[in-house]
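Visitor: Generate coordinates for the sequence data below:
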Amino acid sequence: MSALPAPRTEQAAPAAPAAPSKGAGRRTLGLMLLLTALGAVLVLTAVSRVWATGTVAGVTGGALDVSVTGSTVSGLPTGLALAALAAAVAVFAVRGAGRVAVGLLLTLAGFGVAAGAALNADGTTALHAEAARKLALAGARAEHVGHSVWPWLALLGGLLIAVAGLLTVRYGRSWPGMGTRYDAPTRKAPARPSDAPADLWKALDRGEDPTVG
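Guide: Down below sits the predicted model:
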């Protein structure tokens, strides 16, 4: 007798990737808000500090001290840091693809801050302009130029904002929204009078005309 064929075993289908839990979503949301706030505060603090210092020879032979802050050197980091804060708040007002778009904007803002801080960290051009303004001489040049660490702290703040944006792109779809109570109210259609025969007989018993209205 021929042996019976062995039963065929079906391979199990690969399990679908588990959706992120609500707890994980809230943790990544909190991390995004923390990174955005820390990055923006760091940038706004850094641009208000002195980035470059120097001296310029005065008309009478003395030397004048000159210095420039980060906001004087470039207004780009300030504007992008404020835009990042607005984008973090906007995350709660949108869902789905809208959050991905906000995350991309947040990422671009962070990298823009970092690039603006790195490109203007020297601050020498702004320092020469400040020396010319103080002496009212177009050709005045600052000497003995020194630099501070604040531009690099602004760059760090920009990178924190960029990481917050990447978190939004990756996990934003799973984050909770504002809730339906914030949605625009919808008007309810007026209830139509019942046309059931029992209701018509009850109206007649009460002495009402069911055909009115």
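
Visitor: Show the subsequent helix or strand relative to whichever helix or strand residue 32 is part of.
Guide: For residue 32, the element it lies in under DSSP states H and E is helix 22-47. Later in the chain than helix 22-47, the nearest helix or strand by DSSP H and E is strand 50-57.

Visitor: Adjacent strands (with direction) for that next one?
Guide: strand 63-69 (antiparallel), strand 143-147 (antiparallel) (DSSP bridges).

Visitor: just these: most buried one?
Guide: strand 63-69 (a mean of 17; mean count of other C-beta atoms under 10 Å). Using the backbone N, CA and C atoms, a C-beta is placed for each residue, glycine as well.

Visitor: got the angle for that strand vs helix 22-47?
Guide: Comparing the axes of strand 63-69 and helix 22-47 via axes from the mean of the first three to the mean of the last three C-alpha atoms, to 10 degrees yields an angle of 160 degrees.

Visitor: how about the next helix or strand after strand 63-69: buried residues?
Guide: Counting by DSSP H and E, the next helix or strand C-terminal to strand 63-69 is helix 70-73. Within helix 70-73, the residues scored as buried using 16 or more other C-beta atoms under 10 Å are 70, 71, 72, 73.

Visitor: Then stretch 110-123?
Guide: Within stretch 110-123, the residues that count as buried by 16+ other C-beta under 10 Å are 110, 111, 112, 113, 114, 116, 117, 120, 121, 123.
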